[in-house]
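K.L.:
no sequence for this one, just the structure:
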């Protein structure tokens, strides 16, 4: 791994960690559906709760009713939410 790749990775890790903490209102280190829906709404996605629930269930790979940090990062990168929020 090149030094620039490592720096880029670490910066993104810090960014997503802060982003996750912002929406983890319960400070329980995972997102429940309400936190997820709030995050998606503020990210500019105008979703009805039913559509948001379907997406939540898709991201919640363990079917625990909570989204862990790793799953949150994967979903945010997949949807490029960070870019949408920065550009809006």
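P.N.:
That came through, no problem. Here the structure is a predicted model, which is why all the values come from computation and not from measurement.

K.L.:
so where's this structure uncertain?
P.N.:
Low-confidence segments of the chain, defined by pLDDT under 70: 81-88.

K.L.:
one more pass at 50, please.
P.N.:
Residue ranges of the chain with pLDDT under 50: 87.

K.L.:
biggest helix in it by residues?
P.N.:
helix 3-23 (DSSP state H).

K.L.:
chain center to it, what's the gap?
P.N.:
Distance of helix 3-23 from its chain centroid, counting by C-alpha atoms, centre = their mean, to the nearest Å, is 12 Å.

K.L.:
what's the following helix or strand after it?
P.N.:
helix 33-42 (DSSP states H and E).

K.L.:
got the angle for the helix or strand that that next one is followed by vs helix 33-42?
P.N.:
With elements assigned by DSSP H and E, the helix or strand that comes after helix 33-42 is helix 49-59. With axes from the mean of the first three to the mean of the last three C-alpha atoms, to 10 degrees as the basis, helix 49-59 and helix 33-42 are set at 110 degrees to each other.
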